[in-house]
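Visitor: Structure, please.
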Amino acid sequence: MSDRLGTSRNGQFFARNLDWNLVKLFLGIVRSGGIGTAARALNKQQPTVSAGLKRLEEHVGATLFVRTARGVALTPAGRTFLTAAKEIEVLISGMPGEAARASGRLQGIVTVRVISDLVSPEFDQAMVTFHQLNPEVEIRLDIAPWREVVMSVKDGSADIGIACDGATSTDLFHRPLMREWQQLYCGRAHAAFGKGIHDPADLTDEVFILTGEDEPAELASFRQRYGLGQHVGGSAETLHEVKRLIQIGIGVGFLPTVVAADAVDAKELWPMLRADILPTYHVYLITRGKELSPPSRALLDVIEAHLQPEEVAEHATS
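Guide: You can find the predicted model right below:
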């Protein structure tokens with residue numbers, strides 16, 4: 001009887017103290033296959049992910065992963081916890097949609113306009129969850145430069161926008177979706193490949209690949225501060241094409257670190273600048289505030305349910 005009571009109390013303590021963000025981190029490691037790849041996918045530092053996993057294992061009272069030559073593998077306790085973690089994810093993710101469906105089956109179209117080459121596992125999983133809960137709602141996903149994304153939300157041609165707007169539009173609502181860092185990259189043929197650059201001002205004579213109208217304001221300010229991009233060798237409207245031009249040696253150029261990660265791992269791109277000086281900014285969920293259709297509101301709720309607590313806080317400008 002006393003053993004059973006002790007087990008019950010342990011379960012109650014676990015339920016009271018479990019951090020949902022640690023469960024999301026655990027699922028991220030499982031889906032990525034390793035702590036390093038999960039850190040990149042979640043846009044976090046590897047020590048942060050390792051520390052979070054340690055806290056979760058302390059809560060659970062068991063080791064959840066073992067290291068292997070290919071990354072990490074689940075222990076028996078980890079496999080058991082994975083089943084529970086997936087059930088928790090479905091329950092939490094489904095709450096906003098279920099609330100909407102309680103008042104009737106959602107139907108209609110939600111137009112989401114986003115900047116090119118967005119890398120956000122939380123957004124992707126939210127789209128999957130929303131579709132599972134609301135199969136009769138059509139999601140239209142359009143790609144556009146960030147200024148066009150903002151204007152389309154303003155004029156009503158898009159219900160939800162995702163852009164690095166800098167929260168400058170006073171008649172729109174901004175919710176941080178994620179933070180991006182921009183790094184300067186060169187291809188294999190460049191003389192600086194495999195080396196670092198101490199002072200960005202040393203690159204004023206470099207030939208640059210630019211991103212046209214899709215350049216974040218923080219990046220433009222960084223380039224102007226150091227006199228970068230005065231010599232343009234090429235430009236493209238999507239980050240995928242910018243990356244291609246850098247890889248084949250037309251010039252050097254800036255890319256979000258999450259966009260370039262695979263090419264860096266494959267030794268096709270080389271990061272040229274120190275990490276501590278990189279320009280950074282938030283990517284926002286942008287809406288017209290309360291002027292949302294029921295399907296749009298439900299999708300926004302599901303997206304927010306997948307975000308970190310500090311990202312969910314609504315940043316309404318006035």
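
Visitor: residue ranges with poor pLDDT in the stretch 151-300 of the chain?
Guide: By pLDDT under 70, the low-scoring segments of the stretch 151-300 of the chain are 166-170, 213, 289-290.

Visitor: now the strands: where do they sit in it?
Guide: All strands of the stretch 151-300 of the chain, identified by DSSP state E, counting those that start in this stretch, fall at 160-163, 173-187, 207-210, 231-235, 252-256, 269-271, 280-287.

Visitor: Show me the one of the ones you listed that comes nearest residue 39.
Guide: Smallest distance to residue 39 across the strands of the stretch 151-300 of the chain (CB to CB): 13.0 Å, for strand 173-187. The C-beta positions use only the backbone N, C-alpha and C, and glycine is treated the same way.

Visitor: ok, now which ones touch residue 90?
Guide: residue 129 (CB atoms under 8 Å, 6 or more residues apart in numbering).

Visitor: per-domain residue ranges of the protein.
Guide: Domain assignment for the chain by automatic domain parsing gives 2-89, 95-178+283-316, 179-281.

Visitor: Show me how far stretch 41-60 is from its chain's centre.
Guide: Distance, stretch centre to chain centre, for stretch 41-60: 17 Å (CA atoms, centre = their mean, to the nearest Å).

Visitor: Give the buried residues for that stretch.
Guide: Buried residues in stretch 41-60, counted by 16 or more other CB atoms under 10 Å: 41, 42, 43, 44, 49, 52, 53, 56, 57, 60.

Visitor: export those to CSV and tack on secondary structure, distance to residue 293 and pLDDT?
Guide: Output for the buried residues of stretch 41-60, formatted as CSV (DSSP: H, G, I helix; E, B strand; the rest coil; distance: CB to CB, whole Å; pLDDT from 0 to 100):
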residue, secondary structure, distance to residue 293, pLDDT
41, helix, 31, 74
42, coil, 31, 76
43, coil, 30, 77
44, coil, 34, 83
49, helix, 37, 88
52, helix, 37, 89
53, helix, 40, 90
56, helix, 38, 90
57, helix, 43, 89
60, helix, 41, 87
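
Visitor: Which members of those residues are the farthest-apart pair?
Guide: 43 and 60 (24.8 Å).

Visitor: returning to that earlier point: kindly reformat the strands of the stretch 151-300 of the chain as TSV containing distance to residue 296.
Guide: TSV is the format used below for these (distance: least, CB to CB, whole Å):
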stretch	distance to residue 296
strand 160-163	6
strand 173-187	12
strand 207-210	34
strand 231-235	33
strand 252-256	26
strand 269-271	37
strand 280-287	8
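
Visitor: Using CSV, lay out those strands together with distance to residue 110 and mean neighbour count.
Guide: Supplementary listing: these in CSV, determined by distance: least, CB to CB, whole Å; neighbours: other CB atoms under 10 Å:
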stretch, distance to residue 110, mean neighbour count
strand 160-163, 7, 26
strand 173-187, 16, 22
strand 207-210, 32, 20
strand 231-235, 32, 15
strand 252-256, 25, 27
strand 269-271, 35, 21
strand 280-287, 11, 22
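
Visitor: Let's check: the centremost residue of the chain is which one?
Guide: Most central in the chain under CA atoms, centre = their mean is residue 120, positioned 3.0 Å from the mean C-alpha point.

Visitor: need the contact list for it.
Guide: Going by CB under 8 Å, 6+ apart, residue 120 touches 177, 178, 283.

Visitor: still on that earlier bit, out of the strands of the stretch 151-300 of the chain, which is closest to residue 307?
Guide: Nearest of the strands of the stretch 151-300 of the chain to residue 307, taken as CB to CB: strand 173-187 at 6.9 Å.

Visitor: Just the CA atoms of the closest one, as CSV, please.
Guide: Extracted C-alpha coordinates of strand 173-187, given in CSV (Å, rounded to 0.1, in the frame of the first residue of the first chain):
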residue,chain,number,x,y,z
PHE,A,173,-1.0,42.9,-34.8
HIS,A,174,2.4,41.1,-34.5
ARG,A,175,3.2,37.9,-32.7
PRO,A,176,6.8,36.7,-32.7
LEU,A,177,7.0,33.3,-34.6
MET,A,178,10.8,32.8,-34.4
ARG,A,179,14.1,34.6,-34.5
GLU,A,180,16.5,34.5,-37.4
TRP,A,181,20.2,35.2,-37.7
GLN,A,182,21.8,36.3,-41.0
GLN,A,183,25.3,35.0,-41.8
LEU,A,184,27.5,36.0,-44.8
TYR,A,185,28.5,32.9,-46.9
CYS,A,186,30.9,32.2,-49.7
GLY,A,187,31.1,29.2,-52.0
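
Visitor: what helix or strand does residue 58 sit in?
Guide: helix 46-60 (DSSP states H and E).

Visitor: The next helix-or-strand element following that helix: how far from the chain's middle?
Guide: Counting by DSSP H and E, the next helix or strand C-terminal to helix 46-60 is strand 65-68. Centroid separation for strand 65-68 versus its chain: 26 Å, with CA atoms, centre = their mean.

Visitor: residues in contact with strand 65-68?
Guide: 29, 53, 72, 73, 74, 75, 78.
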